[in-house]
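Asks: Fold the following, please.
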Amino acid sequence: MMLYSIEYFHPKVLAEIESWPVDVLADYARIVELLMKHGPNLRLPHSRTFGDGLFELRPRGRSGIGRAFYCFLLGRRVVVLHAFIKKSQQTPDRELKLARKRMKEIFHG
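Replies: Prediction:
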């Protein structure tokens with residue numbers, strides 16, 4: 001079976017994720033493995049679509065909730081665009097805007 005490969009928009013995105021609480025990071029690692037296997041077929045509770053090709057991974061742990069926005073490129077490539085620890089129920093608008101802006105940069109330079 002062909003796996004999807006995971007890339008990061010910028011090393012800072014990976015650094016952000018690696019700074020997460022250990023339990024949230026462990027859940028992220030588990031969900032990323034599912035993403036590599038299932039690609040766009042990964043669904044809730046692990047992944048949610050935001051429309052126009054933008055998705056979020058939804059790792060969680062006792063110490064918090066992480067979010068990582070991503071998109072797909074040709075050739076089974078996943079790019080993680082932006083990641084943060086969620087402090088409120090709603091995904092803050094500025095986090096979403098940043099993810100969309102980065103996705104636009106990838107597709108339109």
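Asks: From I106, how far out is V80?
Replies: With distances taken as Cβ to Cβ, to the nearest Å, V80 is found 11 Å from I106. Backbone N, C-alpha and C define where each C-beta goes, glycine included.
Asks: and those two? which has more neighbours close in?
Replies: The neighbour count for V80 versus I106, taken as other Cβ atoms under 10 Å, is higher for V80 (24 against 13).
Asks: Can you verify my assumption that the more buried one contacts K12?
Replies: No - using Cβ atoms under 8 Å, V80 is not in contact with K12; the gap is 11.1 Å.
Asks: Pull up the overlap in contacts between V80 and I106.
Replies: Contact criterion Cβ atoms under 8 Å, 6 or more residues apart in numbering; residues shared by V80 and I106: F9.
Asks: Show me the strands in this structure, by range?
Replies: Along the chain, counting by DSSP state E, strands occupy 5-8, 47-51, 54-57, 60-61, 64-73, 77-86.
Asks: Switch the ones you listed over to CSV; also include mean pLDDT and distance to N41.
Replies: CSV is the format used below for those (pLDDT from 0 to 100; distance: least, Cβ to Cβ, whole Å):
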stretch, mean pLDDT, distance to N41
strand 5-8, 98, 16
strand 47-51, 96, 9
strand 54-57, 98, 11
strand 60-61, 96, 21
strand 64-73, 97, 11
strand 77-86, 97, 13
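Asks: list the contacts for the nearest residue to M103 once chain neighbours are set aside?
Replies: Of all residues not flanking M103 in the chain, C71 sits nearest, at 5.0 Å (Cβ to Cβ, 6 or more residues apart in numbering). By Cβ under 8 Å, 6+ apart, the residues touching C71 are G53, L54, F55, V78, V79, L81, M103, I106.
Asks: At the geometric centre of this structure, which residue sits there?
Replies: Among the residues of the chain, the one closest to the centroid is A68, at 2.8 Å (Cα atoms, centre = their mean).
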